[in-house]
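Visitor: Need the 3D shape of this:
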Amino acid sequence: MTVSGTLQFAQGLIDGFDRPAIVIDNNYEIRASNSLYRSQYGMLATDRVVKCHEVSHRYDVPCDLAGEACPLKRCKQTNQSSTALHIHHTPSGREYVDVEMWPVLHPESGKAEYFVEIIAPATIASVDGDGEPLLVGSSTVFQDMLSLVKRVSPSDSSVLLLGETGSGKELVAQTIHRLSARSDKPFVTVECSGLPESLFESEMFGFVRGAFTGALSNKDGLVSTADGGTLFLDEVGDVLLSDQVKLLRLLETQRYRKVGSLEWEASDFRLVCATNKDLWKMVSDGEFREDLYYRLNVFELHIPPLRSRKEDIAILSGRLLSQLGSQRILSPEAISSLLTYDFPGNIRELRNILERANLLSDHEVIGSEHMSFDRHGNQKNVSGTEIETLEAVELDYLRRMVESYDGTRAELADHLGLSERSLYRKLQKIGLMA
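Guide: The predicted structure is shown next:
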C-alpha cells in the first residue's frame, strides 16, 4: 500500500465514525476530516495546510509545547494508541473533550505514516462554570488532577484524596462516583470527624433491636446503604485507633455485623477516602494503622489548593455567586484583589468572601471595596479595621473556658454543646490536651 493508499484507508475509517475525527500526519497537519469534525470545528482552510493544534486549541505550537499532554507525540514514540483530556475551542465555547489517537502504520515499513484522532465530549468538569459538572477550572494543575480522576473513575480501585481543608475533596469524590459504573447507585458520605467512638459501629454497621438502650428497632448502617455504590469516608484520618481495626476488617472482607447481631452481612461498595492529614506521618507516630493505610492508599490523588490554581478564581467566583443566587458580577478590580490573596481556607473561604461581598454591594457589580480580607487571613469590616476570624474568637473563648472551668472535660463538652471528641480536637489546636 502506498502512502496515498494509507491516507485513503484512514479517510475511509473516519468517515464511518459517529464522532468528530481527523487524520493527521507526522507534522501535525490535518490531511482528512469527517463531516462531524467539520460541523463542530468549522470548514478547514483550503488555501493552506492547517495543523490540528491551530484548529482545536488556537495554539501556534503543538500541545506538548504549550503545557498540555500531546497524544500524537506519545503515539509517535510508542507506535501505540494514546488518550488525553483536552480543552478544545468549539462553537459552544471552550469545552473539555476526550481525545483518542492511534497510529496508521505503513504495511511495508511498519512506521506510522498518519494518525487518526477521535474526539468525544467530556462531562468531567466545566471550563466556564456553566452546566452540570461539579468541578470547575482550566488551570494546568487542575487539568493534571482531572486526568487522574478520568483514569481511575471507571475502575473499582480504592482512591485516597489528599488535600487541604476546603479544597473540594468531596466534589472530586462525587465526580469519581458519577463517572463510574456505579453512578446509578448510592453515594454515601461518612463524616469520620463527627463519629464518636461509642457511635462508630452503630452508624457504620447499623444495629438490631435491643442491642443497647434506646435501640427500639432494627436500623441499617451507612455501609449497608452504600451497597452497590460508593462509600466516601471524609476525613478518614480522624478515625480513632480503636475503630480502625473494625474498618480494616470491613475493607478486607466487605462483610460486617450489625451491633447486637451474630449474623454476617455483605456490602459491595467502591471506597473513596479523603483527608487533610499526613497519614504516613500518623503511621510513623503510631496514630494510624499501617495495614489500614496500605488498604486505603491504592490510588493516591492530590487535590491542588486554590493558591496554586489562581487562573480559575474568576470562573470559580462566577459559579459560587450563581450558587448563592446572586446575579451580580465581579469588577476587574475585585478579581485583581482576589488574585493577591493566598486563600488558606481554599474554595470554602472564597465562597465566604463572595457571600459577604454580595451582601455588602448595593449595585450589580461587586467592587474591590467589598472584598473583606487581608493577606494575613484576617477579615476586615467595611471601615477597614481588623476583626478576628470566627475560628480565632472561638479558640480564644475555649482557652478561657478551660482555664476557668472546674468540672471534667466531659462536663465541659456537654456545657459547650460539643461531643467530647470534638472538644479534644479543639483543645489540640490551642495546645491544651484533654
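
Visitor: all contacts plus neighbour counts: C-alpha atoms, from now on.
Guide: Noted.

Visitor: buried residues in the longest strand along the chain?
Guide: Longest among the strand segments of the chain by residue count, using DSSP state E, is strand 93-105. Neighbour-count burial for strand 93-105 flags R94, E95, Y96, V97, D98, V99, E100, M101, W102, P103, V104, L105 (criterion: 16 or more other C-alpha atoms under 10 Å).

Visitor: Which of these sits closest to S198?
Guide: Taking C-alpha to C-alpha as the measure, S198 sits nearest to Y96 out of these, at 45.9 Å.

Visitor: Tell me who's in contact with that closest one.
Guide: Taking C-alpha atoms under 8 Å, 6 or more residues apart in numbering, we find Y96 in contact with L85, H86, I87, H88, P121, A122, T123, I124, A125, S126, V127.

Visitor: ok, now C63?
Guide: The contact partners of C63, taken as C-alpha under 8 Å, 6+ apart, are H53, H57, A69, C70.

Visitor: now I329
Guide: Per C-alpha under 8 Å, 6+ apart, neighbours of I329: G318, L321, E364, V365, I366.

Visitor: what bridges to it?
Guide: I329 has these beta-bridge partners by DSSP bridges: V365.

Visitor: pLDDT (mean, whole number) over the longest strand of the chain?
Guide: Averaged over strand 93-105, pLDDT sits at 91.

Visitor: distance between that strand and the chain's centre?
Guide: For strand 93-105, the separation from the chain centroid amounts to 23 Å (computed by C-alpha atoms, centre = their mean, to the nearest Å).

Visitor: what's the lowest-pLDDT member of the contacts of C63?
Guide: A69 (82).

Visitor: ok, F207 touching E265?
Guide: No - here F207 does not reach E265: they are 12.0 Å apart, not a contact under C-alpha atoms under 8 Å.

Visitor: how about the closest residue to A173 other than its chain neighbours, secondary structure?
Guide: Counting by C-alpha to C-alpha, 6 or more residues apart in numbering, the nearest residue to A173 once its immediate chain neighbours are dropped is V272, at 6.6 Å. Per DSSP: H, G, I helix; E, B strand; the rest coil, the secondary structure class of V272 is strand.

Visitor: Could you measure from S139 over to V223?
Guide: Using C-alpha to C-alpha, to the nearest Å, one gets 36 Å for the distance from S139 to V223.

Visitor: who's more crowded, the two?
Guide: For S139 versus V223, neighbours defined as other C-alpha atoms under 10 Å are more numerous around V223 (25 against 15).

Visitor: Distance from the chain centre to the helix or strand containing that one, please.
Guide: When secondary structure is defined using DSSP states H and E, the element that contains V223 is helix 222-225. Computed by C-alpha atoms, centre = their mean, the chain-centroid distance of helix 222-225 equals 23 Å.

Visitor: Just the buried residues of it, please?
Guide: Taking 16+ other C-alpha under 10 Å as the neighbour-count basis, helix 222-225 is seen to contain the buried residues L222, V223, S224, T225.

Visitor: circling back to that earlier point, highest neighbour count among the contacts of Y96?
Guide: Taking other C-alpha under 10 Å as the neighbour criterion, L85 ranks highest of the contacts of Y96 with 26 neighbours.

Visitor: beta partners for it?
Guide: On DSSP bridges, the residues paired with L85 through beta bridges are D98.

Visitor: In contact with it, which residues are there?
Guide: Applying C-alpha under 8 Å, 6+ apart, the residues contacting L85 are Y96, V97, D98, V99, Q143, L146, S147.

Visitor: okay, now D406: neighbour count?
Guide: Number of residues near D406 (other C-alpha under 10 Å) recorded here: 10.

Visitor: pLDDT wise, what is it at?
Guide: Note on D406: pLDDT of 70.

Visitor: Likewise for the one 10 residues further on?
Guide: Looking at L416, its pLDDT reads 72.

Visitor: mind listing the helices for the stretch 1-150 of the chain?
Guide: Along the stretch 1-150 of the chain, the segments classed as helices by DSSP state H, counting those that start in this stretch run 3-15, 35-41, 52-56, 71-78, 140-152.

Visitor: Redo the ones you listed as CSV? Include mean neighbour count.
Guide: Supplementary listing: the helices of the stretch 1-150 of the chain in CSV, determined by neighbours: other C-alpha atoms under 10 Å:
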stretch, mean neighbour count
helix 3-15, 16
helix 35-41, 16
helix 52-56, 18
helix 71-78, 18
helix 140-152, 17
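
Visitor: Mind putting those into CSV with distance to P332?
Guide: As requested, the helices of the stretch 1-150 of the chain are exported to CSV (distance: least, C-alpha to C-alpha, whole Å):
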stretch, distance to P332
helix 3-15, 45
helix 35-41, 31
helix 52-56, 28
helix 71-78, 36
helix 140-152, 23
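
Visitor: Report the next helix or strand after the helix holding V223 in sequence order.
Guide: strand 230-234.

Visitor: Now intersect the contacts of C63 with the strands, please.
Guide: Using DSSP E, none of these sit in strands.

Visitor: out of those residues, which is most surrounded?
Guide: Ranking the contacts of C63 using other C-alpha under 10 Å puts C70 first, with 21 neighbours.
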